[in-house]
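K.L.:
Curious how this folds, go ahead:
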Amino acid sequence: MTSKSCLRDRKKAATRTALSDAAVSLARAVGVDAVTADAIAAEAGVSTRTFHNYFSSKEEAILYRFETEATVWMHLLRARPADEPIWDSLERLSVDLVTDPARRLDETVAVMALVEDSPALMARKVEMRGRVTRILGEAIAERTGTDIDTDLYPNLLQMAAGAACKAAIELWLRDTSTAADPGELVSQAFRQIRAGLPQPNPATPQS
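P.N.:
As a prediction, the model looks like this:
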């Protein structure tokens, strides 16, 4: 690929991201139903025609970040050392995700809530979930020598890892004054799952 082609691809990616960010920002400010393609385009500083060149709807634009992040996560997993235990790889990636200074966890959760409150977004999310699940599951299956279509393990593992992150983030957001930061809570969640989620002793702090 020539440098000119690479530059063109980067510009396209930047425009797509800018449109998605504008769609999310507007949806949070005025509600999903009030957002229009014209408003998203204006917010991103491009024409409405440009918006439609990249997205078929405002729902697709809002959900774009979830699918792209799944692809990034897949590449990061494949870049982990081949001999690293899969649970270690997933925990490391999850901790890095929630401690990334370029991300604001409250914004991520706010977008998730936005999606759950919108029937239109939920319908599109169901369509997208199959693609995202496939992307993540195939990466785990590749690392574990399993088959996503016939083996329970890669499917169960990705759901467990996702649940660990979601539970840790929601607990942290509920009380950000907690002594544990998001990364430590994610690590705690992984340790408990790996231990088989034994019933805690009320007299013993969980870790």
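K.L.:
how about the strands in the chain?
P.N.:
With strands called from DSSP state E, the chain shows none.
K.L.:
Lowest mean pLDDT among the helices and strands, pick that one out for it.
P.N.:
Sorting the helices and strands of the chain by mean pLDDT, DSSP states H and E puts helix 105-116 at the bottom, at a mean of 77.
K.L.:
Does anything pack onto that one? Which helices or strands?
P.N.:
Using 3 or more Cβ pairs under 8 Å, 6 or more residues apart in numbering; DSSP states H and E, the elements in contact with helix 105-116 are helix 3-30, helix 58-79, helix 119-144, helix 152-174. In short, each C-beta sits where N, CA and C put it, glycine included.
K.L.:
now do 7 Å
P.N.:
Using 3 or more Cβ pairs under 7 Å, 6 or more residues apart in numbering; DSSP states H and E, the elements in contact with helix 105-116 are helix 3-30, helix 119-144, helix 152-174.
K.L.:
Okay, domains of the chain per the record?
P.N.:
Domain segmentation of the chain under automatic domain parsing yields 1-55, 59-194.
K.L.:
For those, could you give me JSON lines that also reports distance to residue 201 and mean neighbour count?
P.N.:
Shown next, in JSON lines, are the domains of the chain (distance: least, Cβ to Cβ, whole Å; neighbours: other Cβ atoms under 10 Å):
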{"stretch": "domain 1-55", "distance to residue 201": "42", "mean neighbour count": "15"}
{"stretch": "domain 59-194", "distance to residue 201": "13", "mean neighbour count": "16"}
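K.L.:
Out of the ones you listed, which gets the lowest mean score?
P.N.:
Among the domains of the chain, domain 59-194 carries the lowest mean pLDDT, at a mean of 87.
K.L.:
Could you find the closest non-adjacent residue to residue 46?
P.N.:
Excluding the flanking residues, the one nearest residue 46 by Cβ to Cβ, 6 or more residues apart in numbering is residue 15, at 6.7 Å.
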